[in-house]
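>>> only the shape, not the letters, is given here:
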């Protein structure tokens, strides 16, 4: 369920990025990069939705995929705390759910369900 919410949040971010393009000046240098970023985030949201669906269906491939996503999300969250444009609020918003999902992915009950033969 949490991975599905992360997917939904990523989808909302993709929409926000796409909508922000509407206000950009035509021929802006950043337009191409902004489109690429928005489409990359959109693809990430769709793939994360597929992972959430895989976890719901107890597909064996879904747990490692969710693990990788959570680790990347943790790294991005830690990075948000650093530098001149640090955003601790966004960092916490990324780190807390990633940590919770990582813990839940390795609880004994989840491990037992994932080990079961289908």
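Done, it's in. Nothing here was measured: the structure is a model prediction, and the numbers come from that model. Numbers count the residues shown, from 1 in each chain.
>>> moving C-terminal from the longest helix along the chain, which element do we reach first?
Longest helix of the chain, by residue count under DSSP state H: helix 31-56. Counting by DSSP states H and E, the next helix or strand C-terminal to helix 31-56 is helix 62-79.
>>> what ranges in the chain fall below the confidence cut-off?
24-29, 117-118 (pLDDT under 70).
>>> distance of residue 41 from residue 16?
Distance, residue 41 to residue 16, using CB to CB, to the nearest Å: 9 Å. C-beta here means a position set from N, CA and C on the backbone, and glycine is covered the same way.
>>> tell me which of those two has more neighbours.
When residue 41 and residue 16 are compared for neighbours, residue 41 comes out ahead with 19 against 11, by other CB atoms under 10 Å.
>>> which residue comes closest to that one once chain neighbours are left out?
Residue nearest to residue 41 in three dimensions, not counting chain neighbours: residue 14, with 4.2 Å by CB to CB, 6 or more residues apart in numbering.
>>> for the one you found, give me its contacts.
Residue 14 is in contact with 38-39, 41-42, 44-45, counting by CB atoms under 8 Å, 6 or more residues apart in numbering.
>>> can you check residue 86 too?
By CB under 8 Å, 6+ apart, the contact set of residue 86 is residue 80.
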